[in-house]
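[1] Return a 3D structure for these sequence lines:
(4 chains)
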Protein chains: 4
Amino acid sequence: MLRIGVIGTGMIGQDHIRRMTQVLAGVTVTAVTDVNAGVAAQVGASIGATVHPTGEAVIADPDVDAVVVTSWGPTHEQYVLASIAAGKPVFCEKPLATTAEACLRIVGAEAAHGSRLVQVGYMRRYDTAYRELKKVLDAGEIGAPLMMHCAHRNASVPSHYEKEMAITDTAVHEIDMVRWMFGTEIKAARVLVPRKSRNGGDLRDPLFLILEMDNEVLVDVEISVNIRYGYDIRGEIVGEHGTASLGTLSPVHVKTSLRAADPVPADWRERFLAAYDVEFQEWIDAITRTGAPAGPSAWDGYAAAVSSDAALAALHSGERAPVTLTEKPKLYDGVPA
Amino acid sequence: MLRIGVIGTGMIGQDHIRRMTQVLAGVTVTAVTDVNAGVAAQVGASIGATVHPTGEAVIADPDVDAVVVTSWGPTHEQYVLASIAAGKPVFCEKPLATTAEACLRIVGAEAAHGSRLVQVGYMRRYDTAYRELKKVLDAGEIGAPLMMHCAHRNASVPSHYEKEMAITDTAVHEIDMVRWMFGTEIKAARVLVPRKSRNGGDLRDPLFLILEMDNEVLVDVEISVNIRYGYDIRGEIVGEHGTASLGTLSPVHVKTSLRAADPVPADWRERFLAAYDVEFQEWIDAITRTGAPAGPSAWDGYAAAVSSDAALAALHSGERAPVTLTEKPKLYDGVPA
Amino acid sequence: MLRIGVIGTGMIGQDHIRRMTQVLAGVTVTAVTDVNAGVAAQVGASIGATVHPTGEAVIADPDVDAVVVTSWGPTHEQYVLASIAAGKPVFCEKPLATTAEACLRIVGAEAAHGSRLVQVGYMRRYDTAYRELKKVLDAGEIGAPLMMHCAHRNASVPSHYEKEMAITDTAVHEIDMVRWMFGTEIKAARVLVPRKSRNGGDLRDPLFLILEMDNEVLVDVEISVNIRYGYDIRGEIVGEHGTASLGTLSPVHVKTSLRAADPVPADWRERFLAAYDVEFQEWIDAITRTGAPAGPSAWDGYAAAVSSDAALAALHSGERAPVTLTEKPKLYDGVPA
Amino acid sequence: MLRIGVIGTGMIGQDHIRRMTQVLAGVTVTAVTDVNAGVAAQVGASIGATVHPTGEAVIADPDVDAVVVTSWGPTHEQYVLASIAAGKPVFCEKPLATTAEACLRIVGAEAAHGSRLVQVGYMRRYDTAYRELKKVLDAGEIGAPLMMHCAHRNASVPSHYEKEMAITDTAVHEIDMVRWMFGTEIKAARVLVPRKSRNGGDLRDPLFLILEMDNEVLVDVEISVNIRYGYDIRGEIVGEHGTASLGTLSPVHVKTSLRAADPVPADWRERFLAAYDVEFQEWIDAITRTGAPAGPSAWDGYAAAVSSDAALAALHSGERAPVTLTEKPKLYDGVPA
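    A predicted model of the protein is given here:
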């Protein structure tokens, strides 16, 4: 039974605690903390976990085998570094850290430690549809990949959603996904700006992001975050002699009123709930069996940050912006992407 | 942590043990037994469970809170009755028992006990697609139901599959499903015999089963167990002003060689794996919270047995065969179907 | 330029005249008549055709090469027989005649004439989807056929639609289609009566028609004529190792309001308009090139009438009703179905 | 009966002659010519048309009401100008002329003539799927358009297909289509160059064309001309609160070998055959009724040429290339696009 300490018991932290206590096998939550001590106390009491005053205390707790970081983004670096220093596996929700430099410090610390401890919460890699898509690609069914067309559509976004979040919060999922899908880094980014939706107020919405991969595969991503009709994630890989796309996951088909219709999910929860479960179960199983994570690495977190920065630069300049990564430590050889 | 004793550690028993130890939350397997003592010993050792010489010993074990019966069908009655006698919740894989009379004995014993202990393993009710279909129906989106068209297709069946199993093992899933879907009993059954597939050897395959529900809804079920192309479960409800059907659950869509294709599963595992997980998690949660199961009841097991017997009679006679049920004990009022 | 005389210039007659004068090649309409002389005069004037007082005069007109009969059903026999007597090709809208005996008289007259002159307006055989379905079947892609599941759904029917018309006007299309699809006669019919739709007033709607083909293929046809959501014609053939069904003919796919939807046609015009064009163009081309029709024959009209009578008998009796055909004249050997 | 003279009896000319003589109503072909006199003589004889030594002679023939130009591209300007000079309606296959300057000369001549005589063969506007897509857009079902994603995929191209033809022969269909769809001109073009397919030999294949419309709608077009799996034309319009796309036009759906598949056409004939028929029938009807065409105009031919030139410039430079049109003569006000 893997014993977990959770740093950050806000909405996402509570959801992962629910997952670990009510859904998944082989795991228990033994310690929690939060910047809001009252919330931490309440959550801790409800599951019988020790409530600590700080993240550092959670990490130091001898009844904690591994750490889950779901606190506010700017605090991620500090808790991940502390976990590495303590030699404990740590699952950090995205982003790994809020700047590329901070991500690089984590990469450096983990490389110095000499073995993997860090996993970043890019859950698309655990989604059945993306996995089956990758299987078809890797099996050569459509030949070598040449392009990928993606769309990331939200019905709406909360009022605090700002212009740059279309890249840093939304498209960053596609940024990680294509690195994993094609097993190669992003070389450059462009952002084109289509006609503006009046649903988005001051937001520049939609955007059209174009990514060049190191192997010349060209990826385009429509980012529409106020499209009203639902949450819709599309992806089609164009190969040399065929295409493969995310399929239809519609449990029911209804014919009424001159229409034959499949329901579209209202938000990401419905679409990706199962992927979160798989992500965590595989992380728990990997830590339990080998002591090290097998999912998205600190390097993936760093590369996503640098690629995302390039996309932001492209958005601001209107020009193609190159992605420049540091040399990859040997630790990350053989790790996916 | 609910403590489970498993009676029967064959293929299906081992699969449920894997589910309870590696996939689900809030459950542990503390005791096992099997008619093959060697297998029981091996399975027990692998999970640290006590190995008992008999099912009765499993049921009596004070470290067993609830029982899972996955032994050979003819032994189900005995272990379910013993669990009731011990006042312990029992999950019994289908069939509840091998005859309607035996099912009725269980119903009687449970009614005498005065509260529900028994759940039968009809897992279709836990499948996302069927649940969404029922939601659309119950919400009145297609109006009152009038007909349902079903198909139950297997790529192939094992060599021990005999003529009557098309009803008792295959169509029995639809028999339970329509009782649950429409909240009413089956009134009569007919079986028509189409042209024979040469893939089935001596088997009468396919068959076309027609069920009349108590509310006059007419259900037809194609049963094709050697159709080669894959495992395919179809269902479309025809309502007064629309239809609703099981949707498309295809994670990937591939265009190659003049064809745009969705993969079809090879067998039931791929199609219904998640339904088994949900079925067990909900059973565990219900027993933990309330001490009683909320899923398919002993009455459901009995009614399925009588309906299945009528379908067999119809197959043999070529005529319409009525379904005659005993009076339903009050215990089962308000229970689904 | 094939010169046509049209007997009956009501709605369907006018539609075929529009087709022949404004859509198709190689044809002109030179003569018309109608029981309503005013309508005939108006239609004749609009296209510059001679207006005759009787159908017999149309048939006798030396400027008429071939006859189209679109008058009231009870008059079909008389005009078809007169066309045969005159040795002129005749296209007769369904039904060929209103009784099986009358159809048989036409068969006898044509057989005595010694070559084919008569074509009956069963236009499903000219629909692209049915033709592609038959191609897949005939190519052996799904193996030998064993069953076919059909649905014939109308949004609503006019007030003069009576109980028996569900068979004689609606399902008769499926009756002809399966004879053509499987190249064999119907052996027997059953009609089951599901729960009644309240949309249909006094009508027994829906019905469930079951046809046994001479080669043991079992066909089921849902007939729902008040289903409100649209006009929907479904057909799936179950073969020994696969299935083939009428596909999706949806020119546009729209995602709005939590729904991804294909439009459903409101009525048969939208669904089968092109099939009528193909039917007539092929008839015109065949008459022009060979003097004889190649489409549905008088025998097909007779066999449909007898099969339809059996279905009516089954509806009234609740029992299986056999189809008994007279011996087929040699003239119809080698003709489809 | 509209009397047509055809200039150019090669493959496409013969196909249009077949269409006019064997498929459509209200039209006859009375005169033909071709640079290859033998072919012209053969074609003319087969349909009983006068064979002329030159295109000018066809245009001058008093038995010719309207002209169809299907000769070699570089000769189009000459025959279209001669038809205008003769005051005869002329249908010119695309391109209207081989340079923007030549197109502009035609625009000038027609404007000087004072009424429309010229129609250009952009047949996408007559395709049912594109028309239904435009209807959904124009009805406001998805809100104001913001983006359009297109794909133009050929299984393979003939050996004479050269690099620039991906724009001038292939994408030019999308160039005309989006001008018509959105009722506005193209403002600028970009071409991005993805990883190269090895199926295309020396060709730069695929390409990714990006068009900015005058109303800021952003259009992207994947051009893949060696994708092997079939001919596939995709288009999805992204609106403010929904999307609409070209639908599924699959007459049959086949389940075999672990696959549920729709057929994909092998080439454009199967996909667009009906659109050519509609295009010609509507042209014939318009000329017959009004003496003037209602379809794509000389201005459309000119604007497509300039837009196509910009796309070529963008392909060569790697940069955004603006589209600069001359002032639009009043004659073309109110004409679609």
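[2] CA atoms for contacts and neighbours, from now on please.
    Will do.
[3] Residues contacting stretch A:189-206, please?
    Here stretch A:189-206 makes contact (C-alpha atoms under 8 Å, 6 or more residues apart in numbering or on different chains) with A:162-163, A:207-212, A:222-227, A:307, A:310-311, A:314-315, A:318-323, D:146-147, D:215-218, D:240.
[4] Mind checking which of those are buried?
    Buried by 16 or more other C-alpha atoms under 10 Å in any protein chain shown: A:207-212, A:222-227, A:307, A:310-311, A:314-315, A:320-323, D:146-147, D:215-218, D:240, out of the contacts of stretch A:189-206.
[5] Out of those residues, which sit inside helices?
    A:307, A:310-311, A:314-315 (DSSP state H).
[6] Among the buried ones among the contacts of stretch A:189-206, name the ones in strands.
    Among those, DSSP state E puts A:207-212, A:222-224, A:321-322, D:146-147, D:218 in strands.
[7] quick one: stretch A:252-261 to chain centroid distance?
    Its chain's C-alpha centre and that of stretch A:252-261 lie 34 Å apart, by C-alpha atoms, centre = their mean, to the nearest Å.
[8] Kindly check the end-to-end length of that stretch for me.
    End-to-end distance for stretch A:252-261: 9 Å, by C-alpha to C-alpha, to the nearest Å.
[9] Check whether that stretch comes near chain D.
    No: using C-alpha under 8 Å from any C-alpha of the partner chain, stretch A:252-261 stays clear of chain D, coming no nearer than 12.5 Å.
[10] hmm, who's touching that stretch?
    Here stretch A:252-261 has contacts from A:262-263, B:129, B:132-133, B:141-142, B:241-248, C:228-230, C:259-266, using C-alpha under 8 Å, 6+ apart.
[11] In helices, which of those fall?
    Members of the contacts of stretch A:252-261 lying in helices (criterion: DSSP H): B:129, B:132-133.
[12] Of those residues, which is the nearest to residue B:3?
    Residue B:3 lies nearest to residue B:129 out of the ones in helices among the contacts of stretch A:252-261, by C-alpha to C-alpha, at 30.6 Å.
[13] Let me know how buried that closest one is, in neighbour terms.
    23 (other C-alpha atoms under 10 Å in any protein chain shown).
[14] Return the residues in contact with it.
    A:251-252, B:246-247.
[15] quick one, strands of the stretch 51-200 of chain A?
    Per DSSP state E, counting those that start in this stretch, the stretch 51-200 of chain A carries strands over the ranges A:66-69, A:90-92, A:118-120, A:145-153, A:186-192.
[16] close to chain D, is the fourth one?
    Spelled out, it's strand A:145-153. Yes: among the residues of strand A:145-153, A:146-147 lie within reach of chain D under C-alpha under 8 Å from any C-alpha.
[17] who touches that strand?
    By C-alpha under 8 Å, 6+ apart, strand A:145-153 touches A:137, A:170-171, A:174, A:216-227, A:230-240, D:194-197, D:206.
[18] thinking again about what came up before, a markdown table please, covering the contacts of residue B:129 and showing neighbour count and pLDDT.
    Below are those laid out as a markdown table (neighbours: other C-alpha atoms under 10 Å in any protein chain shown; pLDDT from 0 to 100):
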| residue | neighbour count | pLDDT |
| --- | --- | --- |
| A:251 | 20 | 96 |
| A:252 | 25 | 97 |
| B:246 | 23 | 98 |
| B:247 | 23 | 96 |
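[19] and which of those residues is nearest chain C?
    Distances from chain C to the contacts of residue B:129, taken as C-alpha to the nearest C-alpha, are shortest for residue A:252 (11.4 Å).
[20] Make sure I have this right: the closest one is in a helix.
    No: per DSSP: H, G, I helix; E, B strand; the rest coil, residue A:252 lies outside any helix segment and is strand.
[21] nearest residue to it other than its sequence neighbours?
    Using C-alpha to C-alpha, 6 or more residues apart in numbering or on different chains and skipping residues adjacent in sequence, the residue nearest residue A:252 is residue B:247, 3.9 Å away.
[22] Thought residue A:250 was touching the one you found, still the case?
    Yes: the criterion here is C-alpha atoms under 8 Å, and residue B:247 meets it with residue A:250 at 5.3 Å.
[23] Show me the longest helix that occurs in chain A.
    helix A:268-290.
[24] could you check the angle strand A:145-153 makes with that one?
    120 degrees (axes from the mean of the first three to the mean of the last three C-alpha atoms, to 10 degrees).
[25] List the buried residues for helix A:268-290?
    The neighbour-count check on helix A:268-290 (16+ other C-alpha under 10 Å) flags A:271, A:275-285, A:287-288 as buried.
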